[in-house]
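Peer 1: this is a predicted model, with the sequence first.
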Amino acid sequence: MMTSAATIVPAIQSELVESLFSSHLFRDGELPNLAIAKNPADGFDPTRLADGTEALWISNPAQLGIPVGARLSPLWQNGLGLIVFRNAPLQIVGGIFVNGAIRNPWNEIGKDAFQCLGGIMLFSDDPKEIKSAEQLLADAIRKSNAMKDKFQFIDLNLEDERIPARTLLGGGKSSAAHPAGEKGRRDAVRVTASVAAPIGIYISGSDQNMTGALCTYFAECAPKNFMGAANHPIPTYGGMADPSPWTALGVYHAFKTVRRKIFNQVRIPVFFQGAGNVGIPLVNHIRKDGHPISGIIDTRLEALEGIRAMGIDAPLFLQLPDGAPEPDRKRLQDANIRVVRGLVEALQQAPETVVFSPNAGPHPITMEVAEYLASSKVRAIVGAANNVLDTVDGSIEPVANFLQEHGIYSGNDSETNQMGALSVTVQRIGMNRELLERAAQGVGARTLQAIEAFSRGIPPQLARDRAAAKRYNQMLLDGRAVGGYFQNGG
């Protein structure tokens, strides 16, 4: 699925989308509320909404055809279903994947309605962020599964910290492709909200390329199906505004546990990938704690210039894809920024690195990166990136096992970066800032459990996934959840 931006066709023009939507007859009408359906897996018939948006329910990957269905099948993970939608006049295509949903007592949809939560990711047809239709759906499917894990980790953490609150949410995720520009972004949010609101089962939150204004706009369009926006029409759905600093705080507590248990409190050099809303506060936490910063890499020149303007005197690397032209040389020289074509190239220029902190992009730890780390001084991976390990033949186990075999600790990303998701729900489930800070400290305690698995020869990513699977599968058996059964849970 790896293609260069120059070869990617906008999703609205793709053969996949055309074949999916041309093979169905759409009835004009409304979508059912799957959150209160007796069996949400029944989905709905192909439906055209009043705003012209067409929506399809895909209950299994085979319905996506060959070869896409075969490629996405390993990601499906027993998920409940995929909603694919398009609004042809607005050139919007998107997907909402519901991996698993849990009966929820606090939501506004209905008594004990099935609910899941995961952010909306937006991608324009600008070459810097364009996604193919297949990549768009793959992102929603893969990350929906991770969100189900994340909410299990959150509630396990709250239980262990004796905080009397639970999110009781399953995992969902949405992604949408749109024309470049602010109007395209808003159209994508509105169209996604027009699908999310009636189906009810999916609640969104802030995610990639979502500004605060767009979060508020989604909340205005679908108040019961968006959490974490400022000035939310339902005040208790407002969360704590920007979740990024809370994500960084939880990761920092995980990092402190790693330093104490693996490095005997030595302030070791750290290399950061990502200088965004999570990466910057995390850099500040760790820098103030006395750790040398061996390097920072990002794909945005302006982000690195901002890092330099903060007075951080560390090697900065601008990652450009193959074939992309270099930016203005004077800007690079003024900020002392080096251009690299990949993560490994940057790490090679920071050989003193002992901890790698990935905080951007899905699955930055490919087998190529893992093989380099095994030959370097790096002994731990601690960051906020979602889906940190790449898949090999549909599974993260080869990369997880490789890191374990070479003595590199890599915590479970869904557990380590849980605090942003919790902060979105905090007001609705009856928490406050003090309890949220206590939960962030709990991330450090849960990291201790991951390190114990690592010391027993079990990859932490897999060991902690089993804990989440055991908890979720029991909810399925009790009738409190639907979809997303873990084959290896327990």
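Peer 2: Everything's here; your move. Numbering: from 1, shown residues only.
Peer 1: which stretches of the stretch 51-200 of the chain form helices?
Peer 2: Counting by DSSP state H, counting those that start in this stretch, the stretch 51-200 of the chain has helices at residues 68-76, 133-160, 182-199.
Peer 1: distance of the residue lying closest to residue 123 once chain neighbours are set aside relative to residue 137?
Peer 2: Leaving aside its sequence neighbours, residue 123 sits nearest to residue 131 (CB to CB, 6 or more residues apart in numbering; 4.4 Å). C-beta coordinates here come from the backbone N, C-alpha and C atoms, glycine included. Separation of residue 131 from residue 137 (CB to CB, to the nearest Å): 9 Å.
Peer 1: so what's the residue count around residue 370?
Peer 2: 22 (other CB atoms under 10 Å).
Peer 1: what does residue 380 give?
Peer 2: Using other CB under 10 Å: residue 380 sits among 24 other residues.
Peer 1: check contacts around it.
Peer 2: When contacts are counted by CB atoms under 8 Å, 6 or more residues apart in numbering, residue 380 is found next to 258, 262, 263, 354, 355, 356, 408, 409, 410.
Peer 1: list only buried entries from those residues.
Peer 2: 258, 262, 354, 355, 356, 408, 409, 410 (16 or more other CB atoms under 10 Å).
Peer 1: how about residues contacting stretch 277-288?
Peer 2: By CB under 8 Å, 6+ apart, stretch 277-288 touches 242, 244-245, 247-249, 251-252, 255, 270, 272-273, 275, 293, 296, 298, 306-307, 310, 312, 357, 359-360, 383-384, 417, 420.
Peer 1: and if we set it to 7 Å?
Peer 2: The contact list for stretch 277-288, computed with CB atoms under 7 Å, 6 or more residues apart in numbering, reads 242, 244-245, 247-248, 251-252, 255, 270, 272, 293, 296, 357, 359-360, 384.
Peer 1: show me which positions of it end up buried.
Peer 2: Quick answer for stretch 277-288 (16+ other CB under 10 Å): 277, 278, 279, 280, 281, 282, 283, 285, 286, 287.
Peer 1: cool, and stretch 117-127?
Peer 2: 117, 118, 119, 120, 121, 122, 123, 124, 125.
Peer 1: let me have those residues in CSV, adding distance to residue 169 and pLDDT as columns.
Peer 2: Formatted as CSV, the buried residues of stretch 117-127 follow (distance: CB to CB, whole Å; pLDDT from 0 to 100):
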residue, distance to residue 169, pLDDT
117, 5, 97
118, 9, 96
119, 13, 94
120, 16, 96
121, 18, 96
122, 22, 97
123, 25, 97
124, 29, 97
125, 32, 95
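Peer 1: narrow those residues to those in strands?
Peer 2: Among the buried residues of stretch 117-127, the members found in strands (DSSP state E) are 117, 120, 121, 122, 123, 124.
Peer 1: please identify which pair of those residues lies farthest apart.
Peer 2: 117 and 124 (24.3 Å; CB to CB).
Peer 1: returning to what we had before: make TSV out of the buried residues of stretch 277-288 and add secondary structure and distance to residue 176.
Peer 2: Shown next, in TSV, are the buried residues of stretch 277-288 (DSSP: H, G, I helix; E, B strand; the rest coil; distance: CB to CB, whole Å):
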residue	secondary structure	distance to residue 176
277	coil	20
278	coil	22
279	helix	24
280	helix	26
281	helix	27
282	helix	28
283	helix	30
285	helix	32
286	helix	34
287	helix	36
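Peer 1: which one of these is nearest residue 316?
Peer 2: If you rank the buried residues of stretch 277-288 by distance to residue 316 using CB to CB, residue 283 comes first, at 11.3 Å.
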